[in-house]
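**Student:** Requesting a structural model of the entry that follows:
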Amino acid sequence: MLPRVRTSDFDYDLPAELVAQVPAEPRDAARLLLVAGEPGLLSHHYVRDLPGLLRRGDLLVLNDTRVMAARLIGERVDTGGRVELLLLREQDDCVWSALMRPARAAAAGRGLRFLANDGELRASVVRRLGEAVVVRFDRPIDPSTVGTLPLPPYIRDFGGDPDRYQTVFARDARSAAAPTAGLHFTPALFSRLSEAGIEQAFLTLEVGPATFRPVRSEDPAEHELDPERYRLPAATAQAIHAARADGRRVVAVGTTVVRALEHAFGGSSGDKAEGATDLFIRPGYEFGVVDALLTNFHLPRSTLLMLVSAFAGQEVMRAAYAEAVRERYRFYSFGDAMLLVP
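**Tutor:** You can find the predicted model right below:
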């Protein structure tokens, strides 16, 4: 049974100017806070220092999902009123779940039209689906090109290259948000990691926006995560088994990788190479796969902050976040990173 914690235990004050509005250039120039065990064992580095901070034989596991060009702006056919869709998941041919603003416009049968990147696109609302809606488009769409990238709402007026919100190793476009810890990697950094004897492997977890939704109940146990689909290639599963058999560390790049690995290797039924996970990791959880974690700084009261607190300890995380604020680290998706080595 997990210990009782309160959502307010995962709150903290952050000056608005520390919310990163642009990414570091180059990618691996982001700062890196090394958190090694006790609250006092904090040291300051850069992501480009990773080859010297990790051990020869470590296995880095990264999420190679790609962010969909999922933001569509259009209008209601009946009134011309503005509407916005954020595509979430394809349900069937031409049928998608999506978040819609304004939500009050999501009446079944309502017609919508958009000027997509490949011409006019029409849709009709099928039904509500919890906080989302189901819409049917008048033709198939390519989620990698149909609209624009949906940057998080705390990034205002970013006018740079949209690919900076994609990892350099991103593949199939199926996510509504980026696996942000992976944004720091460059081909040159991967080469230096390989030269240092640090292996790399990949999985895919389709990141949904609910992952970042604040926990509104004071009791986190009342909060539910939406299932997110993942795929664990056989080569990656084999690499993880080999690392564990040899006593080498599995280093997750991002919380999405943690959740996918802990779900895929958990239980007694063997590896789950493909499926969906709604695993909500919070203090008291016993980790079975991941030995170290590279992650960005997360929003207050979020499931992601609870996950890293479960991994490194609540007091350790409280001290680390306070240190990051004092040292003017940059927070959230385009921000700096921390390497957690309990």
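**Student:** C-alpha only now, for contacts and for neighbours.
**Tutor:** Noted.
**Student:** all helices of this protein, in order?
**Tutor:** For the chain, the helices defined by DSSP state H cover 50-53, 187-195, 234-246, 255-264, 303-312, 314-326.
**Student:** Adding mean neighbour count, write the ones you listed out as a markdown table.
**Tutor:** Shown next, in a markdown table, are the helices of the chain (neighbours: other Cα atoms under 10 Å):
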| stretch | mean neighbour count |
| --- | --- |
| helix 50-53 | 16 |
| helix 187-195 | 15 |
| helix 234-246 | 15 |
| helix 255-264 | 24 |
| helix 303-312 | 23 |
| helix 314-326 | 18 |
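**Student:** Need those helices in CSV (columns: distance to residue 136 and mean pLDDT).
**Tutor:** Below are the helices of the chain laid out as CSV (distance: least, Cα to Cα, whole Å; pLDDT from 0 to 100):
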stretch, distance to residue 136, mean pLDDT
helix 50-53, 46, 98
helix 187-195, 39, 98
helix 234-246, 35, 96
helix 255-264, 29, 97
helix 303-312, 31, 97
helix 314-326, 44, 96
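**Student:** Of the ones you listed, give the one that comes closest to residue 128.
**Tutor:** The closest of these to residue 128 is helix 303-312. By Cα to Cα, the value is 24.7 Å.
**Student:** Can you redo the helices of the chain as CSV, where the extra columns are distance to residue 44?
**Tutor:** Below are the helices of the chain laid out as CSV (distance: least, Cα to Cα, whole Å):
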stretch, distance to residue 44
helix 50-53, 11
helix 187-195, 18
helix 234-246, 28
helix 255-264, 21
helix 303-312, 17
helix 314-326, 9
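**Student:** Please work out how many residues are found near residue 57.
**Tutor:** When neighbours are counted by other Cα atoms under 10 Å, residue 57 registers 17.
**Student:** residues contacting it?
**Tutor:** The neighbours of residue 57, taking Cα atoms under 8 Å, 6 or more residues apart in numbering as the test, are 197, 198, 199, 243, 248, 249.
**Student:** returning to what we had before: residue 214 is nearest to which of the helices of the chain?
**Tutor:** For the helices of the chain, proximity to residue 214 was assessed by Cα to Cα; helix 303-312 is nearest, at 7.1 Å.
**Student:** what does that closest one contact?
**Tutor:** 10, 37, 211-215, 255, 280-285, 287, 298-299, 316-317, 340-342.
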